[in-house]
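Participant: Quick one, what's the 3D model for this:
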Amino acid sequence: MLNLYALNSLYFSEIELGGINFADTSADIKMKASNPTFIPASFDKMQLDIDYNSTNFGTVTVYGGTIAPFSDKQVDGNLRINVRALAGLVLESLFGSGSSFDESQLHIVASVDAPIFGVIPYTITKKYSKIEFQTLLADLAKRGEKEISGLGNMIKK
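Facilitator: Numbering: from 1, shown residues only. Predicted coordinates:
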């Protein structure tokens, strides 16, 4: 369970977007993961799914590994946009039967795959409404933070 403590303390910064692939509407992501604890932090994958009305509009996936105590590690991932779903929403809003975008139907699902004792697969998942996720990011901004901190706090149940 020490890994959960270390995951709670992880923070991400220096997020870079690059390697855009227009054919499959994706982009590579690179970011710095920092472990400020004396315990190694380990996660296999962190994923954020952006869903609207039960349809996935985009996914951010970051692949981790083990981050040594008091150190940083570059982690890689990708951003994938579901263009068909996004175009369908835009067309429905413009030419549909009077329906409009309903914020209450927008959700962000955060999940982390983190092994227990290094071998037992374990996934933590948390679903946010648009307002909850905006509040989480606004709280970080109020504190003047330029990084996303406390991976474990973000996904606590």
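
Participant: so where does the residue nearest the centre of the chain fall, helix or strand?
Facilitator: The chain has L48 as the residue nearest its centroid, 3.5 Å off, counting by C-alpha atoms, centre = their mean. Using DSSP states H and E, L48 sits in strand 41-52.

Participant: Would you mind identifying the next helix or strand past that strand?
Facilitator: Toward the C-terminus, strand 41-52 is succeeded by strand 55-67 as the next helix or strand (DSSP H and E).

Participant: now the next helix or strand after that next one against strand 55-67, angle please.
Facilitator: Using DSSP H and E, the helix or strand that follows strand 55-67 towards the C-terminus is strand 71-81. Per axes from the mean of the first three to the mean of the last three C-alpha atoms, to 10 degrees, the angle that strand 71-81 makes with strand 55-67 is 160 degrees.

Participant: Packing partners of the strand holding L48?
Facilitator: Here strand 41-52 touches helix 2-9, strand 55-67, strand 106-113, going by 3 or more C-beta pairs under 8 Å, 6 or more residues apart in numbering; DSSP states H and E. Bear in mind the C-beta positions are built from the backbone N, C-alpha and C, glycine included.

Participant: Show me the one of the ones you listed that comes nearest A41.
Facilitator: helix 2-9 (3.5 Å; C-beta to C-beta).

Participant: What residues sit buried inside that closest one?
Facilitator: N3, L4, A6, L7, N8, S9 (16 or more other C-beta atoms under 10 Å).

Participant: try stretch 34-49
Facilitator: Across stretch 34-49, burial judged by 16+ other C-beta under 10 Å covers S34, N35, T37, I39, A41, S42, F43, K45, M46, Q47, L48, D49.

Participant: First-to-last residue distance for it?
Facilitator: Criterion C-alpha to C-alpha, to the nearest Å; first-to-last residue distance in stretch 34-49 is 23 Å.

Participant: now do stretch 118-133
Facilitator: Using C-alpha to C-alpha, one end of stretch 118-133 lies 30 Å from the other.

Participant: And that stretch, how far out from the chain middle?
Facilitator: Its chain's C-alpha centre and that of stretch 118-133 lie 9 Å apart, by C-alpha atoms, centre = their mean, to the nearest Å.

Participant: Same question for stretch 33-43.
Facilitator: Per C-alpha atoms, centre = their mean, the centroid offset for stretch 33-43 relative to its chain is 18 Å.

Participant: one step back: and the residue nearest to the centre of the chain, bridged to which residues?
Facilitator: V60, A110 (DSSP bridges).
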